[in-house]
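Trainee: this one's sequence-less:
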Ligand code: HEM
């Protein structure tokens, strides 16, 4: 054991010296400014509990393109709309890869998922399948009736609470409803945890989430990965085994069940139709399908639910805005029925509310990290190959150079403005932009708008225990998605005349 440790220490020191030499060579070129950091650990200590906030503070000192060494890894932090455009549009191809991550290596079938797949033929092929088969407009439309039914169930449960005048946990209810919708879309049916012998799928996905967001030293000092100092690898392998078992069971059920006429094809049906076929340079096999299933579950469940949670929080905190959304709904829909999906495009003010929510509360405050595939010069700075790029959209959404009164929730700022959130306007990129931009944008927006519209059209909302709207706590927690630290609790009062 003593021998192992001394070998390791010699090895780490050797890597560090080599790294320092490489750094020296790099420094001959003009790197972006940034804090110096400690030997070996770099600036890990500066990340804090809320990295997006700490990085905003640092960028105020070092500028909108700064460097930060975390462990042995060279990172670039981008904190303005102009700089984001350079990385995600001007040099999009150079930065279209993802860095290696222990969590995805162990839990996403060696990073075969789209979200963390390195740029290349495999990722391009899988991404094409996402765009053309799984998330096409026609596919999204095919699940319209299912969305209506599931949102109807949510409204029913709140109606019951309204009759009793009791508090509901909006955060949990919306998350559970999003989970059910995702399961029906991906697997064709709901998968409550009781369906499985041991832990259920939802519990395991949440465990995977929490492991993926735990800072892992091995991501920053890769040479120590085999030691598994934090015990994370062991835990991740257990989660992967559990996911393997459950996904195998679900895929087998799909293979065994005969095609039912008229049944809407769920995502597994679509992917199974590709299994074994050689699409471009890769073959779709079970591990690829499982990695994509994980992507879909993680990406569709939490993102929309978190945005809905923040939109409802802002609306309850700002009764004037909530009333205005209700007025718009009264004018477009009336008071005798619920909102239909097709009516969403006529709800201009609701659209502004969603944009304003996503400006202040982007689900991924730092997007998903991008990785450089070659050396590149950006704005006169040398960005070395393999640098990891964090785009601080949380900071960009609050940049006073792009927004007046940036801390205030004012949907009216979008009146007469062309600013959109689809990746063209870099001051508002909650879905990212360019090759790695979110392929689920259309679906995500439909779900967010539809749920928020129904919740404010059907109900008035009041905070429990006499808490005033202005006093509503808006603290966030940092994780895979940036959710409220405390669940949103409120009392509904039914307001439709049906
Ligand atoms: C409100 C809802 C959503 C938000 C705010 C959101 C946000 C994001 C963001 C910020 C990224 C990273 C972009 C980048 O790194 O540049 C992303 C990527 C991704 N999203 Fe979404 N998303 C949402 C819904 C969805 C849905 C419903 C799906 C699929 C069912 C989805 C699938 C994905 C995938 C697969 C990626 C990885 C793309 C890649 O790396 O090529 N998202 N999303």
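Mentor: All right, it came through fine. Values in this document were obtained by computation on a predicted structure and should not be read as measured data. Numbering: from 1, shown residues only.
Trainee: ok, and does the helix or strand harbouring residue 153 reach over to the ligand?
Mentor: Residue 153 belongs to helix 144-164 when assigned by DSSP states H and E. No: using C-beta under 6 Å from any ligand atom, we find that helix 144-164 stays clear of the ligand, coming within 11.9 Å at best. The way it works is simple: take the backbone N, C-alpha and C, and place the C-beta from them, glycine included.
Trainee: and the gap between the closest residue to the ligand within the stretch 101-250 of the chain and residue 442?
Mentor: Closest contact between the stretch 101-250 of the chain and the ligand, by C-beta to the nearest ligand atom, is at residue 115 (4.0 Å). Distance of residue 115 to residue 442, given as C-beta to C-beta, to the nearest Å: 17 Å.
Trainee: buried ones in stretch 393-410?
Mentor: When burial is assessed from 16 or more other C-beta atoms under 10 Å, stretch 393-410 yields the following buried residues: 393, 394, 395, 396, 397, 398, 399, 402, 403, 406, 409.
Trainee: other SSEs contacting whatever helix or strand residue 203 lives in?
Mentor: For residue 203, the host element (DSSP H and E) is helix 201-213. Secondary-structure packing of helix 201-213 (3 or more C-beta pairs under 8 Å, 6 or more residues apart in numbering; DSSP states H and E): helix 102-107, helix 232-256, helix 286-317.
Trainee: swap the cut-off to 10 Å and go again
Mentor: helix 102-107, helix 170-187, helix 232-256, helix 286-317 (3 or more C-beta pairs under 10 Å, 6 or more residues apart in numbering; DSSP states H and E).
Trainee: neighbouring contacts of the helix or strand following that helix?
Mentor: Proceeding N to C from helix 201-213, the next assigned helix or strand is helix 217-220, under DSSP H and E. Contacts to helix 217-220, defined as C-beta atoms under 10 Å, 6 or more residues apart in numbering, come from residues 40-42, 44, 69-73, 75, 99-103, 105, 224-230, 232-233, 369, 388.
Trainee: again, but for stretch 44-59
Mentor: Outside of stretch 44-59, the residues within contact range by C-beta under 10 Å, 6+ apart are 34-35, 37-38, 43, 62, 65-66, 68-71, 73, 75, 77-80, 83, 215, 217, 220-221, 362, 364-366, 390, 392-396, 398-399, 475-478, 482.
Trainee: the ligand contacts on this structure?
Mentor: Neighbours of the ligand within the chain, by C-beta under 6 Å from any ligand atom: 114-115, 127, 130, 295-296, 299-300, 303-304, 307, 363-364, 367-368, 430-432, 436-440, 443-444, 448.
Trainee: filter those down to just the buried residues.
Mentor: Buried, going by 16+ other C-beta under 10 Å: 114-115, 127, 130, 295-296, 299-300, 303-304, 307, 363-364, 367-368, 430-432, 436, 438-440, 443-444, 448, out of the residues of the chain next to the ligand.
Trainee: in helices only, show me the residues you listed.
Mentor: By the criterion of DSSP state H, membership of these in helices covers 127, 295, 296, 299, 300, 303, 304, 307, 443, 444, 448.
Trainee: mind listing what the fourth one touches?
Mentor: If a contact means C-beta under 10 Å, 6+ apart, then residue 299 has 113-115, 130, 182, 363, 368, 438-440, 443-444, 480-481 as its contacts.
Trainee: what's the spacing between it and residue 444?
Mentor: 9 Å.
Trainee: list residues touching both of the two?
Mentor: The contact sets of residue 299 and residue 444 overlap at 363, 438 (C-beta under 10 Å, 6+ apart).
Trainee: what ranges of the stretch 201-350 of the chain fall below the confidence cut-off?
Mentor: Along the stretch 201-350 of the chain, segments meeting pLDDT under 70 span 258-263, 278-282.
Trainee: OK, contacts around residue 364?
Mentor: 52, 303, 306, 391, 393-394, 430-432, 438, 480-482.
Trainee: in which helix or strand would I find the spatially closest residue to residue 442 that is not a sequence neighbour?
Mentor: Distances taken as C-beta to C-beta, 6 or more residues apart in numbering place residue 140 nearest to residue 442, at 6.0 Å, with adjacent residues excluded. Assessed by DSSP H and E, residue 140 sits inside helix 137-142.
Trainee: pLDDT (mean, whole number) over that helix?
Mentor: Averaged across helix 137-142, the pLDDT comes to 93.
Trainee: picking up where we left off before, the closest residue to the residue of the stretch 101-250 of the chain closest to the ligand other than its chain neighbours and residue 71, how far apart?
Mentor: Counting by C-beta to C-beta, 6+ apart, residue 115 lies nearest to residue 295, which is 5.1 Å off, once chain neighbours are set aside. Distance, residue 295 to residue 71, by C-beta to C-beta: 27 Å.
Trainee: kindly report the same for residue 444.
Mentor: Counting by C-beta to C-beta - residue 444 and residue 71 are separated by 33 Å.
Trainee: same check, this time on residue 301
Mentor: 31 Å.
Trainee: check residue 214 too.
Mentor: 15 Å.
Trainee: for these two, indicate the residue with more neighbours.
Mentor: residue 71 (21 against 13; other C-beta atoms under 10 Å).
Trainee: the more buried one and the ligand, how far apart?
Mentor: 21 Å (C-beta to the nearest ligand atom, to the nearest Å).
Trainee: go on, residue 343?
Mentor: From residue 343 to the ligand the distance is 20 Å (C-beta to the nearest ligand atom).
Trainee: got the contact list for that residue?
Mentor: 329, 332, 333, 350, 449, 450, 453.
Trainee: let's see it at 8 Å
Mentor: 332, 333 (C-beta atoms under 8 Å, 6 or more residues apart in numbering).
Trainee: ok, and the closest non-adjacent residue to residue 171?
Mentor: The nearest residue in space to residue 171 (C-beta to C-beta, 6+ apart) is residue 487, at 3.9 Å.
Trainee: tell me how many other residues crowd the one you found.
Mentor: 13.
Trainee: and for residue 267?
Mentor: 24.
Trainee: surely it meets residue 135?
Mentor: No: using C-beta atoms under 8 Å, residue 267 is not in contact with residue 135; the gap is 9.3 Å.
Trainee: off-centre distance for stretch 438-446?
Mentor: Relative to its chain's centre, stretch 438-446 lies at 11 Å (C-alpha atoms, centre = their mean, to the nearest Å).
Trainee: cheers, nothing more for now.
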